[in-house]
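**Student:** below are the sequence and a predicted model; questions follow.
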Amino acid sequence: MEARGMDPPATARVDSWAWAVRLFKTRSLATAACRAGHVRVNGERAKSAQSVRVGDEVRVRSAGFDRIVVVSRVVTKRVGATVAAECFVDNTPPPPPREEVPLVPVRDRGAGRPTKRERRDIEKLRGHGHAH
């Protein structure tokens, strides 16, 4: 894959690698996620310039869930989706079934604050109702 018989790099910046294997849409998003503490390498919070090598575990927090991948190949240039899939082993647990995720109640726009009766009904649904 590398031009002129060069060996692939042994290490790469974590933000560059995460972008290259398509864990992030842009390099700047990957850097921002590192800066915000959403990227961990081997359990430690990673700065964007931290090196990753083959065998490292990278956890990326997005949309409230952790994506857990193990580096199987180090790349620094963005690669196609099929090649990117070969660069890591995805150990992410499957997301919980849709039924287990609690639904957030939504009020109609402009409905205002709930009345006392509506509030009691809401509390009863949530299990906070009083047994009077």
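**Tutor:** Yep, that arrived.

**Student:** residue 12 against residue 76, yeah?
**Tutor:** Yes: Residue 12 lies in contact with residue 76 (C-beta atoms under 8 Å); the separation is 4.9 Å. (Glycine included, C-beta is placed from N, CA and C.)

**Student:** so for the two, which residue has more residues nearby?
**Tutor:** residue 12 (21 against 14; other C-beta atoms under 10 Å).

**Student:** which strand residues sit across from that one in the sheet?
**Tutor:** residue 52 (DSSP bridges).

**Student:** could I get stretch 45-65 in CSV with only the CA atoms?
**Tutor:** Listed next in CSV are the C-alpha coordinates belonging to stretch 45-65 (Å, rounded to 0.1, in the frame of the first residue of the first chain):
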residue,chain,number,x,y,z
ARG,A,45,-7.5,10.2,28.6
ALA,A,46,-5.6,10.9,25.4
LYS,A,47,-4.3,14.2,24.2
SER,A,48,-4.5,14.6,20.4
ALA,A,49,-0.8,14.2,19.9
GLN,A,50,-0.5,10.9,21.9
SER,A,51,0.9,8.0,19.9
VAL,A,52,-1.0,4.9,19.1
ARG,A,53,0.6,1.6,18.0
VAL,A,54,-0.7,-1.9,17.1
GLY,A,55,-2.5,-3.5,20.0
ASP,A,56,-3.6,-0.3,21.7
GLU,A,57,-7.2,0.0,22.8
VAL,A,58,-8.9,3.2,21.8
ARG,A,59,-12.3,4.2,23.3
VAL,A,60,-14.2,7.0,21.5
ARG,A,61,-17.3,8.4,23.3
SER,A,62,-20.0,9.7,21.0
ALA,A,63,-23.8,10.0,21.3
GLY,A,64,-23.6,8.8,24.9
PHE,A,65,-22.0,5.4,23.9
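
**Student:** need phi/psi at residue 39.
**Tutor:** phi -120, psi 130 (degrees, to the nearest 10).

**Student:** cool, thanks, signing off.
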